[in-house]
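**Q** my questions are about this predicted structure, shown below with the sequence.
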Amino acid sequence: VKTRISELLGIEIPIVQAPMSWIARAPLASAVSNAGGAGIIETGSGELDAIGEECAKMRAWTDRPWGINVPLAFVRDPTVVDFVINCGSAFVTTSAGDPAKIVPALKASGLTVFHVVPSLKGAMKALDAGVDGLVVEGVEGGGYKNAVGASLMVLLPLIRSHTDVPIIAAGGICDGVSMAAALVLGADGVQMGTRMLSSLESPVHQDWKDAVVAAAETDTVVIDRPGAPAMRALRTETSLKMAYDREYQLADRSWIPKVYFGGELDAGLALGGQVMGRIDAVRSVADILPETWRDCQARLASFAS
Ligand SMILES: Cc1cc2nc3c(=O)[nH]c(=O)nc-3n(C[C@H](O)[C@H](O)[C@H](O)COP(=O)(O)O)c2cc1C
């Protein structure tokens with residue numbers, strides 16, 4: 001089975017690995033591309049020198065298509081457009097901001113561009129900017145969120161009823177049945193964040209992966225501070241304080257390596273989505289991708305019959 005996403009991106013399995021700052025680098029992204037999906041390299045960390053090296057590794061480690069993400073609100077460096085055009089990726093996803101600023105330059109260079117949207121209004125704005133497709137992201141997903149956003153069950157059919165462009169669904173997808181549901185709701189492919197974060201090839205500390213496996217579907221919290229984008233994270237003492245105690249602040253970004261690679265989950269925010277309640281093992285993306293796609297197709301066939 002081919003979908004418009006597999007055809008547009010030139011991949012076998014229409015599953016995209018979510019961009020995740022500091023995490024979505026060559027070891028994870030190349031494993032996803034080599035498994036038949038599309039890996040994505042992040043730029044949200046802002047570490048363009050290091051990311052340039054990751055792109056060189058991608059060119060060496062896979063001959064399959066891969067993408068790069070620009071979360072516009074976090075990457076203010078004006079050189080990022082040239083950087084992205086020259087990095088060797090097959091496609092770009094833009095997120096967290098107004099895509100009109102950079103879509104014309106990206107399109108002029110021949111790149112396929114998707115924009116991540118949390119609402120119908122955002123989708124219409126992205127289409128006006130000339131994107132090739134949308135990543136439609138429900139509020140149940142991990143990471144930066146629209147705090148008053150809708151769940152994928154509401155958002156995806158709503159946006160699909162207004163446009164025919166290819167759509168990648170994100171938020172709450174971790175296996176064949178959730179992928180099949182997204183395709184039925186109008187998607188042409190899916191993006192997985194929390195599932196990839198907790199995969200064998202993910203570079204985060206084992207304690208973070210184990211916490212995802214142990215978590216219930218009720219174990220996330222949305223932190224929505226004035227003047228900052230809202231985020232969905234694992235429920236910990238720290239994330240609860242961030243969510244409900246307006247006086248409490250994380251001092252600076254020094255917590256990031258402690259949480260991400262040191263396993264000190266209470267030192268900051270361990271981002272992740274509600275789907276952690278459905279993830280029960282740390283597994284290789286080389287197993288997750290084909291199994292998800294096989295099961296998705298079997299579910300669709302069994303419903304059709
Ligand atoms: C740790 C983490 C970091 C993320 N960073 C980004 C990012 O830099 N850019 C972006 O567009 N989305 C980011 N996201 C959102 C994901 O791209 C994805 O859409 C989301 O995780 C999908 O929901 P799921 O977690 O239920 O799969 C992040 C998500 C997580 C869990």
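**A** It's in.
**Q** specify the local secondary structure of the residue lying closest to residue 74 once chain neighbours are set aside.
**A** Distances taken as CB to CB, 6 or more residues apart in numbering put residue 44 closest to residue 74, at 5.0 Å, once the chain neighbours are dropped. In this view, the C-beta of every residue, glycine as well, is placed from N, C-alpha and C. Secondary structure, DSSP: H, G, I helix; E, B strand; the rest coil: residue 44 is coil.
**Q** ramachandran angles for residue 44?
**A** Backbone geometry at residue 44, expressed as degrees, to the nearest 10, gives phi -60, psi -20.
**Q** give the contact list for it.
**A** Residues counted as contacts of residue 44 (CB atoms under 8 Å, 6 or more residues apart in numbering) are 19, 20, 21, 69, 71, 74, 75.
**Q** give me the subset of those residues lying in strands.
**A** Per DSSP state E, strands hold the following members of those: 69, 71.
**Q** which one of the contacts of residue 44 is nearest the ligand?
**A** Nearest to the ligand among the contacts of residue 44 is residue 20, at 3.4 Å by CB to the nearest ligand atom.
**Q** list the residues that contact the closest one.
**A** Going by CB under 8 Å, 6+ apart, residue 20 touches 42, 44, 143, 193, 196, 197, 271.
**Q** residue 118 too?
**A** For residue 118, the contacting residues are 137, 139, 145, 146, 149, 150, 155, by CB under 8 Å, 6+ apart.
**Q** residue 146 too?
**A** Listed by CB under 8 Å, 6+ apart, the contact set of residue 146 reads 118, 119, 139, 230.
**Q** for the contacts of residue 20, give me CSV that also has secondary structure.
**A** As requested, the contacts of residue 20 are exported to CSV (three-state DSSP):
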residue, secondary structure
42, coil
44, coil
143, strand
193, coil
196, helix
197, helix
271, strand
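**Q** for these, which one is nearest residue 213?
**A** Of all the contacts of residue 20, residue 213 sits closest to residue 197, with 11.3 Å by CB to CB.
**Q** okay, the contacts of residue 118 in a markdown table with distance to the ligand next?
**A** Output for the contacts of residue 118, formatted as a markdown table (distance: CB to the nearest ligand atom, whole Å):
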| residue | distance to the ligand |
| --- | --- |
| 137 | 5 |
| 139 | 10 |
| 145 | 8 |
| 146 | 12 |
| 149 | 12 |
| 150 | 14 |
| 155 | 12 |
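**Q** and these, which of them are in helices?
**A** Residues of the contacts of residue 118 located in helices (DSSP state H): residue 155.
**Q** among the contacts of residue 118, which two are most distant?
**A** Spanning the widest gap among the contacts of residue 118 are 145 and 155, at 11.9 Å by CB to CB.
**Q** what touches both of those two?
**A** Common neighbours of residue 145 and residue 155 (CB under 8 Å, 6+ apart) are 118, 137.
**Q** do a quick rundown of the helices in the protein.
**A** Listed in chain order, the helices of the chain (DSSP H) span residues 4-9, 26-34, 48-61, 80-85, 103-108, 120-129, 152-160, 176-185, 194-197, 206-214, 237-244, 255-262, 285-304.
**Q** need the winner for burial among these.
**A** Highest mean neighbour count among the helices of the chain (mean count of other CB atoms under 10 Å): helix 194-197, with a mean of 30.
**Q** what about that helix, near the ligand?
**A** Yes - Helix 194-197 reaches the ligand (CB under 6 Å from any ligand atom) through 194, 195, 197.
**Q** quick one, what contacts the second one?
**A** Just to be clear, that refers to residue 195. Going by CB under 8 Å, 6+ apart, residue 195 touches 173, 174, 175, 275, 279, 288.
**Q** cool, and residue 288?
**A** Counted by CB under 8 Å, 6+ apart, residue 288 has contacts 35, 195, 199.
**Q** how close does the last one get to residue 27?
**A** Distance, residue 199 to residue 27, using CB to CB, to the nearest Å: 10 Å.
**Q** OK, now which residue of the stretch 151-300 of the chain is nearest to the ligand?
**A** The ligand sits closest to residue 193 of the stretch 151-300 of the chain, with a gap of 1.9 Å, by CB to the nearest ligand atom.
**Q** appreciated, that's everything.
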